[in-house]
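Trainee: Based on what follows, work out the 3D shape:
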Amino acid sequence: MVEITGIIEEVVFRNEDNGFTVMEVRNEKDRARVTVVGSLPFANQGEKVRIVGEWTVHPDYGQQIKIHNMESIVPTTLDGMEKYLASGLIKGVGPSTAKKLIEHFGMEVLDIIEFRPDRLVEVEGIGPARAEMIATSYAQHSELRQVMIFLQSYGITTTYAIKIYKMYGNHAIGIIKENPYRLADEVEGIGFKMADRVAQNIGIAFDSPYRIASGVKYVLSHAAADGHTYLPKDELVERAAELLGVDRSLIENAIVSLAIQQSVFVEEIEGQTAVYLAPFYYAEVGVCRRLLALSMVDVEWSIKDMDEMLKKFQRTEKMFLALKQREAIIEALSNGVTVIAGGPGTGKTTIINCIIKLMEQQGMTVALAAPTGRAAKRMTETTGRDARTIHRLLEYSYGDNGPYFQKDEDNPILADAIIVDEMSMVDVLLMNNLLKAIIPGTRLVLVGDVDQLPSVGPGNVLRDIISSGIIKVVYLTEIFRQAQESMIVLNAHRINQGHMPYLNVKGGDFFFDKRESPEAILDTVFELICRRLPKFGNYDPVRDIQVLAPMRKGAIGVNNLNVELQRILNPPSEKKREKVLHGVMFREGDKVMQIKNNYRTIWKKKINGAVIEEGEGVFNGDIGYIQSIDHEEQNAVVLFDDEREVVLDFSQMDELELAYAISIHKSQGSEFPVVIIPLAWGPPMLMTRNLLYTAVTRAVEMVVIVGRERVIEAMIRNNYIERRYSGLAHRFRKMFVAISL
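Mentor: Below is the predicted model of the structure:
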């Protein structure tokens, strides 16, 4: 065992996920430079430390100390203090600010920051707001270090330890010691298994009621992540028994206890006992009850009046509507709730525009919404009217008790009609919150393509509404002449019907580049993006071309594609600042995607530097570009769709990922000028017809599939649609019968 005291001169490498660090330390005793490695998430350049460890020899990097313990010592020289402050330890203090602080306060600077932060304004460039930020950051760092040491002793990585600290603050240690399973319920990203590992280390009993109840809820939550709103009881017990390693009777007892607490709900659905987590039970019941209430409101207009109105409208607009289009419009005017379902090129946009104009002619106000920002933007472009995300329509906000919708039963949406596009993406929780804010008498028109992938969230809302047979549905099947000219539209319908697409038709917009190996597919994707497509159609390689991959792993998976495309399209440069976060290199100029809804983030729209509009919220699926990275302020500026400029702290950037390539699932609700789809063999449960159909329908101007023709054929044959446990259709029929009696 060896012990040294010295100054950290350089942090050579750090893995932000687990805190593993390689650093160079100048030994105070003999001034020798020593390499130190270990889990050191808070070690910073300029910091004086006392290290205990053992000498090891790395085959490539030679002799180094593998750390066992490290203690921070406040620097004792002005130079050491300046390096310590300039290391990025404290938000708002970079190299230039550190120099000013040392020049003004000398060795008293840490005492000033901790006990007299109001004096920081004495330093040029530091105002009251920044002084408060510096003091808060320093205090949080001190608390966080103590919590981190405790959590890391139980194997919790840096990323999750920070999330825990943000949730509980300096109470984290006491809360975890009392009931570590709270982590699984209350901290995003920490599942039962991680909480269970901590619990076992602390000494919580294997058959503890806390443990079994948490395990049951974990299994149900895991099922919800796969799209299920409930699990059959037998399947739940079997999964929980395998997870927990305890007798099935203990699990059944836990289900009863959780049901008494109303944490879960148990009921019979189609001959089997279904077990719901409470939020999904309430959501299903709410969607069913509210949709039925909306659908049963009488409409004043007669069919004859509407037919005459529609004929006059066609004459005025100098347009001809097909039979199904007229039917869809009349049903939307006639019913409290109408579903309009159809694939690409079947006239959904024309119908939406006609419904809006006819309603407005009658003095009605119409609100337009879609699940994602990109889908709402497209709806705005095609209608010429403001369309918002469902979250913005419901005025999502964040209060002391967490996120909430300002629009609800007590503060409903003030509109005579609401049209929602891309309904296949709407899950049961969001649908329930939308319906809460709609009063009976408001027309609701739901538009979507039921053959696309279902929502990422739990439930199968659009499909269940249609299959219930209770709500009026109009199916659009005719492909119109203008759309027939597009091979993208024609082939999308061929794929959906189980037929091979027409490939490489002269003058078309749907191409296939045959390649056998993943390596050859990868090379061709690069060639298409960097040379062939920009030359063919003057397409911008980053903004106009989107790679959509079925899988995340492998040579042509999303993860590797992003690394390689970043290297080619946005290579390192002395002019571009960069930052490694959660194992990902982010660089100025990178194309990125928001992967979680964040309702608190403030965005601003600017013209010539002046703010013309601002609001809150960036959402899952929003695509943007990193404008700048600031190591002193520890943040990045990202310009999202619709010119929304957002400043993200480094701690928030685990909500971003590179987006040169994205998964087909993540592309739902989006459209891109050109789509490239790399295809090699993959798991049959993933490589399905509706996955390929969804990818193809994301393209506006061109589709290029690169890979094996046999894979395309296999995907089209594979019409497997994984069953989702959802009781909505059953509940609709049951409640409708009860109301009708």
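Trainee: Not counting its neighbours along the chain, what's nearest I413?
Mentor: A437 (4.9 Å; Cβ to Cβ, 6 or more residues apart in numbering). Glycine gets a C-beta too; all of them are placed from N, C-alpha and C.
Trainee: Quick one: residues contacting the one you found.
Mentor: L394, F405, K407, D408, E409, N411, P412, I413 (Cβ atoms under 8 Å, 6 or more residues apart in numbering).
Trainee: Tell me the most packed of the residues you listed, by neighbour count.
Mentor: L394 (22 neighbours; other Cβ atoms under 10 Å).
Trainee: Check what pLDDT it gets.
Mentor: Note on L394: pLDDT of 94.
Trainee: What backbone torsions are found at it?
Mentor: Phi and psi for L394, reported as degrees, to the nearest 10, are phi -90, psi 0.
Trainee: thought P232 was touching G727?
Mentor: No. The pair P232 / G727 is not scored as a contact, 11.0 Å apart, by Cβ atoms under 8 Å.
Trainee: what residues do these two have in common as contacts?
Mentor: A274.
Trainee: Looking at these two, which is more packed in?
Mentor: Per other Cβ under 10 Å, whichever of P232 and G727 has more neighbours is G727, with 24 against 17.
Trainee: quick check, nearest of the contacts of A437 to Q200?
Mentor: Nearest to Q200 among those: F405, at 39.1 Å, using Cβ to Cβ.
Trainee: what stretches of the stretch 501-650 of the chain score poorly on pLDDT?
Mentor: For the stretch 501-650 of the chain, not a single residue meets the criterion pLDDT under 70.
Trainee: Now do the same contact list for the residue nearest to S468 when sequence neighbours are not counted.
Mentor: In space, and not counting its chain neighbours, S468 is closest to F732: 3.7 Å by Cβ to Cβ, 6+ apart. For F732, the contacting residues are C288, L291, L292, D464, I465, S468, I470, I471, by Cβ under 8 Å, 6+ apart.
Trainee: Check F510 too.
Mentor: With Cβ under 8 Å, 6+ apart, F510 has these contacts: M487, I488, N491, P501, Y502, L503, N504, V696, M702, V703.
Trainee: and if you look at E327?
Mentor: Counted by Cβ under 8 Å, 6+ apart, E327 has contacts V474.
Trainee: let's go with 10 Å and repeat that
Mentor: L321, I340, I351, V474, Y475, L476 (Cβ atoms under 10 Å, 6 or more residues apart in numbering).
Trainee: per-residue pLDDT, the second one?
Mentor: In this case it means I340. 97.
Trainee: helix or strand right after the helix or strand encompassing it?
Mentor: For I340, the enclosing helix or strand under DSSP states H and E is strand 337-342. As assigned by DSSP H and E, the chain's next helix or strand after strand 337-342 is helix 348-361.
Trainee: Mind listing what's buried along that following helix?
Mentor: Using 16 or more other Cβ atoms under 10 Å as the test for burial, helix 348-361 gives K348, T349, T350, I351, I352, N353, C354, I355, I356, L358, M359.
Trainee: and it, how far from the chain's centre?
Mentor: Distance of helix 348-361 from the chain centroid (Cα atoms, centre = their mean, to the nearest Å) equals 32 Å.
Trainee: ok, then the element right after that helix?
Mentor: With DSSP H and E, the next secondary element past helix 348-361 is strand 366-370.
Trainee: quick check: angle from that following strand to helix 348-361?
Mentor: Here strand 366-370 runs at an angle of 150 degrees relative to helix 348-361 (axes from the mean of the first three to the mean of the last three Cα atoms, to 10 degrees).
Trainee: Neighbouring strands - and their directions - for strand 366-370?
Mentor: Using DSSP bridges, strand 366-370 pairs in its sheet with strand 387-389 (parallel), strand 417-420 (parallel).
Trainee: ok, back up a step: quick check, the residue nearest to S468 in a strand?
Mentor: No. F732 is assigned helix when assessed by DSSP: H, G, I helix; E, B strand; the rest coil, not a strand.
Trainee: okay, it: pLDDT?
Mentor: 92.
Trainee: Am I right that V563 is in a helix?
Mentor: Yes. When three-state DSSP is applied, V563 is found to be in a helix.
Trainee: Relative to M585, how far out is it?
Mentor: Counting by Cβ to Cβ, to the nearest Å, the gap from V563 to M585 is 8 Å.
Trainee: overlap in contacts of these two?
Mentor: If you check V563 and M585 against Cβ under 10 Å, 6+ apart, the residues they both contact are L658.
Trainee: Which residue ranges of the stretch 551-700 of the chain form helices?
Mentor: 558-569, 689-696 (DSSP state H, counting those that start in this stretch).
Trainee: sorry, that was for the stretch 1-150 of the chain
Mentor: Using DSSP H, counting those that start in this stretch, helices in the stretch 1-150 of the chain cover 78-85, 95-105, 109-115, 128-152.
Trainee: and I173, that's in a helix?
Mentor: Yes. Counting by three-state DSSP, I173 falls inside a helix.
Trainee: burial measure for it, as a count.
Mentor: 15.
Trainee: same deal with the one 4 residues further on?
Mentor: Residue crowding around K177 was assessed by other Cβ under 10 Å; the count is 13.
Trainee: and if you look at E108?
Mentor: Neighbour tally, E108, other Cβ under 10 Å: 13.
Trainee: what's near enough to touch it?
Mentor: Shown in contact with E108 (Cβ under 10 Å, 6+ apart): M81, F115, R116, R119.
Trainee: Lowest-confidence entry in the residues you listed?
Mentor: Minimum pLDDT across the contacts of E108 falls on M81, with 82.
Trainee: Surely that one touches K48?
Mentor: Yes. Using Cβ atoms under 10 Å, M81 is in contact with K48, at 9.3 Å.
Trainee: Same list (the helices of the stretch 1-150 of the chain) but as a markdown table, adding distance to T56 and mean neighbour count.
Mentor: Converted to a markdown table, the helices of the stretch 1-150 of the chain look like this (distance: least, Cβ to Cβ, whole Å; neighbours: other Cβ atoms under 10 Å):
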| stretch | distance to T56 | mean neighbour count |
| --- | --- | --- |
| helix 78-85 | 27 | 20 |
| helix 95-105 | 33 | 17 |
| helix 109-115 | 34 | 16 |
| helix 128-152 | 20 | 17 |
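Trainee: got those helices as JSON lines, with distance to I529 columns?
Mentor: Output for the helices of the stretch 1-150 of the chain, formatted as JSON lines (distance: least, Cβ to Cβ, whole Å):
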{"stretch": "helix 78-85", "distance to I529": "43"}
{"stretch": "helix 95-105", "distance to I529": "38"}
{"stretch": "helix 109-115", "distance to I529": "49"}
{"stretch": "helix 128-152", "distance to I529": "41"}
